[in-house]
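In: Quick one, what's the 3D model for this:
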Amino acid sequence: MKNDKIRCGVVGLGGRGFSILAGLLATMEDFECAYACDLYQDRVDYTLKQMTERFGYTPKGTTDWREILEDKDVDAVFVLSAWEPHIEIAIASMNAGKPVAIEVGGAYSLDDCWQLVRTYERTRVPCMFLENCCYGRIEMMVLNMVKNDVFGTVVHCAGGYHHNLRDEILFGEENRHYRLRNYTNRNCENYPTHELGPIMKILNINRGNRMMTLSAVSSSAHGLNEYAQRHEKVNPELRTRVFRQGDVVTTTIKCANGETIVLTLDTTLPRYYSRGFQVRGTKAMYEEQTNSFFFEGEHEKFDFDWSKQWNNADQYYEKYEHPLWQKFISGGIKGGHGGMDWLVYDAFLQAVKNGENMPIDVYDAAALMCVSTLSEDSIALAGAPVAIPDFTNGRWYNRDDHTTGIYSLE
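Out: Numbers count the residues shown, from 1 in each chain. Okay, here's the model as predicted:
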């Protein structure tokens, strides 16, 4: 580290990657961009120009991420690229001795997940999964409430990626976006981590609990074709393309301690945005769709008139706000997606700087990412259950490498 700044290589400068980099540069005091990398030279050139004009310095630029790993002055790596190379780059980063942060996305094989874990265990170079929703304000308040027994025993959780992405997918050729090729060639729960990340922390997955089995089913696929037929600007070839990705995918997970989790992918039909976050306990429930809590002994009188309680969650922040968010609000919220982007990036940077355990570590990354490839297998088997590996090799119920500090999610 130079002048207490962590000199980072950033791989992936598309829409999301560039916005993350801009946010890091604008708000993170400990971050310095040493390399900007993308497969496309024009994206590299644009990023270097923007950095020179907006931030007063120009990092090195490259179209080959391997150059970053050869530079001894690079302290850490952010992988913000298309989904497919995430694990490959992360493994190479750990082998090069550079802590690595992986943007969200699913895995393409179980072997990749195992290689990710085994590389960490051999090198002990930290790897963090950048699931920003783990640091969402409401998600962290619910986590705090669960840890303080407000919910009683949690028995069921649900969530989804409910997001109308038809334009993003169908204009993938024009925008060089990876979702088009994925929706053409795969049928799976391709984006499970926004909803599953916070649920895993609530259920102590990999730290006293684990996910055991998964079963997934998929609807047919009509949303993209019919949308393309109604919109003349979409490439006409896409009106009849066979998309393997079903319009709605439902995945059910069973945990070692008895809990169930239901995930829903819903991205190619008309709808409003939601992550469908829901937690059910023996004393209380929370649901994102109406942003409301139901507490035993307090809300039964609204059983058949629940609309009067919609959005009641806001009144509980004063009592149950997570300590991290109390501190964040008092210091001024920064960063995108309501502040949770800044929190997850700072969690990684502080862990690197202080030599601490990652709060969303390599075992969490493997457990989250494997859902995509396992759901693909289950769908192909008409919903048959498939086993979820124990990436901790039995250490999940007796781990001693817990995260401490303000960014702990335990």
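In: Who does the closest residue in space to residue 60 that isn't next to it in sequence form a beta bridge with?
Out: Excluding its sequence neighbours, the residue lying closest to residue 60 (Cβ to Cβ, 6 or more residues apart in numbering) is residue 35, at 4.9 Å. In short, each C-beta sits where N, CA and C put it, glycine included. Taking DSSP bridges as the rule, residue 35 bridges to residue 9, residue 60.
In: right, and residue 35 touches residue 68 too?
Out: Yes. Judged on Cβ atoms under 8 Å, residue 35 makes contact with residue 68 at a distance of 4.6 Å.
In: any residues in contact with both of the two?
Out: Both residue 35 and residue 68 are contacted by 9, 62, 74, under the criterion Cβ atoms under 8 Å, 6 or more residues apart in numbering.
In: ok, now how distant is residue 135 from residue 248?
Out: 28 Å (Cβ to Cβ, to the nearest Å).
In: which of the two has more neighbours?
Out: residue 135 (33 against 18; other Cβ atoms under 10 Å).
In: Next, count neighbours for the closest residue to that one other than its chain neighbours.
Out: Spatial nearest neighbour of residue 135, excluding adjacent residues (Cβ to Cβ, 6+ apart): residue 343 at 3.9 Å. Neighbours of residue 343 under the rule other Cβ under 10 Å: 24.
In: Residue 343: what's it in contact with?
Out: So residue 343 contacts 132, 135, 324, 328, 335, 407 (Cβ under 8 Å, 6+ apart).
In: Report the lowest-confidence entry in those.
Out: Minimum pLDDT for the contacts of residue 343 is recorded at residue 335 (91).
In: Touching, that one and residue 347? I think so.
Out: No. In this structure residue 335 lies outside contact range of residue 347 using Cβ under 8 Å: 11.8 Å.
In: Which one's more surrounded, the two?
Out: Taking other Cβ under 10 Å, residue 335 and residue 347 do not tie; residue 347 has more neighbours (27 against 22).
In: which SS class is that one?
Out: helix (DSSP: H, G, I helix; E, B strand; the rest coil).
In: Show the contacting residues for it.
Out: 128, 135, 358, 359, 360, 407.
In: if I look at it, how far off is residue 263?
Out: 24 Å.
In: what do you get for residue 324?
Out: Relative to residue 263, and taking Cβ to Cβ, residue 324 is found at 25 Å.
In: Just want to know which of these two has more residues nearby.
Out: Taking other Cβ under 10 Å, residue 324 and residue 263 do not tie; residue 263 has more neighbours (27 against 20).
In: How is the residue lying farthest from the centre of the chain assigned, secondary-structure-wise?
Out: The centre of the chain is farthest from one residue, residue 301, which by Cα atoms, centre = their mean lies 37.3 Å away. Three-state secondary structure (criterion: three-state DSSP) places residue 301 in helix.
In: How confident was the prediction at it?
Out: Note on residue 301: pLDDT of 95.
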